[in-house]
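Participant: this is a predicted model, with the sequence first.
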Amino acid sequence: MHKLIQRVASLSVLAMVGLTLLPLQAQEPAPLIPKPVSMTTADHTFVWTAETQIYVPKGRKKVRKVAALFADLIAPATGFKPNIKVLKRGDEKGLILQLNKTLTDLGAEGYKLDIKAERVTLTAVKPAGLFRGLQTVRQMLPARIESDTVQKGPWRIIGGTITDYPQYGHRGAMLDVTRHFFSVADVKQCIDYLAAYKMNVLHLHLSDDQGWRIEIKSWPKLTEVGSLTQVGGGKGGFYTQKDYKEIVQYAKDRYITIVPEIEMPGHINAALVAYPELNGNTKPATPHTGMEVGFSCIAMDKEVSYKFIDDVIREVAAMTPGQYIHIGGDEVPKKNMKTSFAQFINKVQTIVQSHDKKMMGWADIAKGDIDEETVTQFWKKEAADAKLAVSKHARILMSPAYRAYLDMKYSPDCELGLNWAGYIGVQTAYQWTLSGIVPEIPKAQIIGVEAPLWTETIKTMDDIEFMVFPRLLGYAELGWSPDDENTWDEYKVRLGKQKKRFEHMGINYYKTPQVPWQDVKID
Ligand code: TNX
């Protein structure tokens, strides 16, 4: 007892001495999102200066690339760009990036961080883990590191250790570029946002009733004719194959996989306007600039439709290094459903697999003979399709519309967005678990989470940011951090501490009253 009191007393003396040397805030743990698996905080501090260099292992091009991206990221705010040097001894002073194949528990994206006063050592099994770990280092630096103009130092990082790895391998968002078109630069901006929160998939919804957005060389009218419209009648747009490859590469450099979606058999009006022979309905297709869904369908009983699908999937697959091609499959008109939907899905699955890809689709595709390798995306509250997919041993991606749809309004007074699946405040978006929300969908079949942003009402990057921030951070944490449904009170404080960071990032975020937004003075 006596010893304990003595120890407490000497600790508080130490704390008082510390107080005079460093601001107390310096040793508060950084408000990291997603929350790491484990973290310890020490008394010392690393200070990043103009002399700090980054060390990488010899001959590791990908590690060097990861280091270069980090150097570019911190250069504008600090005003100094670190050199990237080859690691020789391992005790160099600075930021050390290293690979260690034996740390298999970390998986492909996990990392270990050891922050000493003289060096920060980041260790991972793969370069992807180093990239994720550097996002942690980024969040441990003062919020003004996000600024694109030179800011005052010092650039302190609180000492300690972190061991971290994701709970789920698939953590993504979807951007609908059909209802409103978004430029390559906008898509890259979205990729940067995903990367900052350790997400690893961007699903691009590339075709729908209102527009066809990806060049297909064997069917040129898809874009020549089919890309010219969008909701509200604007001029639309499309990505050339060169543009798409540029997006894919930009994402790849950030360890993000692009999942392209070509919607079928429904949501296909734009293609039917371009090629009337594909129309499965008697009424001719005319350009659609409204928001209604569920009226168009490709002819599921014509040979030409399968020639078309094979050509499109072949071209898209050839430009897509990721394993998945998303084929949509939702909201097919009732009259078309009666006949051949299940056979249609079977045929399309065969086509996708013939191009060495796995099929992904909205859970509606479970009506077909789907494989165990096929991924069905759960979205509708009445989970019948998802349960059918479970019974067929398929894998499930969790996107419950009433929790994970980024186009749902936060509250009734929110101007942007829709509300057919309800209002999704920041707490509702965060407080659930992927494996607890529908008990019949077992964890073993869940590959992860995706938050889709449909863009019927979303026209600009500012609109995107408003709907995405801050909900995206919650989805990132649901996919990455260990499950715990009781962390809202702690999470909202951590989220509130992102205020300055969002401001320096120039993000138009929703300042929900559910969160205690505050200026943190970590420096
Ligand atoms: C339903 S979710 C759709 C989309 C709409 C969205 C609007 C899904 C698979 N289909 O076509 O854009 O609602 O929230």
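Facilitator: Everything's here; your move.
Participant: for the residue in the stretch 401-523 of the chain positioned nearest to the ligand, which non-adjacent residue is closest in space?
Facilitator: Of all residues in the stretch 401-523 of the chain, residue 454 sits closest to the ligand, at 3.5 Å by Cβ to the nearest ligand atom. (C-beta placed from N, C-alpha, C; glycine too.) Closest residue to residue 454 apart from its sequence neighbours, by Cβ to Cβ, 6 or more residues apart in numbering: residue 407 at 4.2 Å.
Participant: who touches the one you found in this structure?
Facilitator: 176, 417-418, 452-458, 467 (Cβ atoms under 8 Å, 6 or more residues apart in numbering).
Participant: ChimeraX command for the buried members of those residues?
Facilitator: The ChimeraX command for the buried members of the contacts of residue 407 (criterion: 16 or more other Cβ atoms under 10 Å) is given here:
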select :176,417,452,453,454,455,456,457,458,467
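Participant: tell me which parts of this structure are close to the ligand?
Facilitator: 293, 330-331, 362, 379, 405, 407, 418, 454, 456 (Cβ under 6 Å from any ligand atom).
Participant: got these as a markdown table, with pLDDT and secondary structure columns?
Facilitator: Listed next are the residues of the chain next to the ligand as a markdown table, based on pLDDT from 0 to 100; DSSP: H, G, I helix; E, B strand; the rest coil:
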| residue | pLDDT | secondary structure |
| --- | --- | --- |
| 293 | 95 | coil |
| 330 | 96 | coil |
| 331 | 93 | coil |
| 362 | 98 | strand |
| 379 | 97 | coil |
| 405 | 98 | coil |
| 407 | 98 | coil |
| 418 | 98 | strand |
| 454 | 98 | coil |
| 456 | 98 | coil |
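Participant: next, count neighbours for residue 36.
Facilitator: 21 (other Cβ atoms under 10 Å).
Participant: contacting residues for it?
Facilitator: With contacts defined as Cβ under 8 Å, 6+ apart, the neighbours of residue 36 are 136, 162-164, 481.
Participant: now intersect those with the helices, please.
Facilitator: Under the assignment DSSP state H, the contacts of residue 36 contribute residue 136 to helices.
Participant: most neighbours among the contacts of residue 36, which one is it?
Facilitator: That'd be residue 164 among the contacts of residue 36, by other Cβ under 10 Å, with 25 neighbours.
Participant: that one and residue 109 touch, don't they?
Facilitator: No. Taking Cβ atoms under 8 Å as the definition, residue 164 is not a contact partner of residue 109, at 9.0 Å.
Participant: need the residues touching each of these two.
Facilitator: By Cβ under 8 Å, 6+ apart, the residues touching both residue 164 and residue 109 are residue 132.
Participant: count of neighbours near whichever residue of the stretch 201-350 of the chain sits closest to the ligand?
Facilitator: Nearest residue of the stretch 201-350 of the chain to the ligand: residue 330, at 3.7 Å (Cβ to the nearest ligand atom). By other Cβ under 10 Å, the residues close to residue 330 number 18.
Participant: residues contacting residue 70?
Facilitator: Taking Cβ under 8 Å, 6+ apart as the test, what residue 70 contacts is 54, 95, 134, 137-138.
Participant: same question, residue 259
Facilitator: Residues in contact with residue 259 (Cβ under 8 Å, 6+ apart) are 172, 201-204, 322, 324-326, 360.
Participant: pLDDT at it, what is it?
Facilitator: You'll see residue 259 listed with a pLDDT of 99.
Participant: am I right that it is in a strand?
Facilitator: Yes. Membership of residue 259 in a strand is supported by DSSP: H, G, I helix; E, B strand; the rest coil.
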